[in-house]
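K.L.:
Got a predicted structure here, sequence first:
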Amino acid sequence: MEFSKEFDASGMSCPLPIVKTKKALSDMPSGQVLRVISTDPGSLRDMAAFADQTGNALLEQVNENGKFVFYIKKA
């Protein structure tokens, strides 16, 4: 999937992946896609909840080599 910006939250635990994702999205124009990489298993439910609460779209979440990868489209 194409993305405009990438943020690697590997090694960070809750709530840092969400806090940093929110910051990364704030610098992006509407419609762009952010790719987030995380190693925190809690990020699976946290990213979905974050997207719902903020109105951003969680386009896809996949597991790549033991890491969780999320594609979030900014509202």
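P.N.:
Thanks, I have it. Numbering: from 1, shown residues only.

K.L.:
And Leu44, what's its pLDDT?
P.N.:
Looking at Leu44, its pLDDT reads 93.

K.L.:
ok, and the closest non-adjacent residue to it?
P.N.:
Spatial nearest neighbour of Leu44, excluding adjacent residues (C-beta to C-beta, 6 or more residues apart in numbering): Phe68 at 6.1 Å. No exception for glycine: its C-beta is placed from N, CA and C like everyone else's.

K.L.:
ditto for Glu2
P.N.:
Nearest to Glu2 is Val33, by C-beta to C-beta, 6+ apart, at 6.7 Å.

K.L.:
Now do the one you found against Ser13, distance only.
P.N.:
Noted for Val33: a distance of 25 Å to Ser13, by C-beta to C-beta, to the nearest Å.

K.L.:
Pick out whichever of those two has more residues nearby.
P.N.:
Val33 (19 against 13; other C-beta atoms under 10 Å).

K.L.:
That one against Lys73, yeah?
P.N.:
Yes. Using C-beta atoms under 8 Å, Val33 is in contact with Lys73, at 5.1 Å.

K.L.:
Understood, closing this out.
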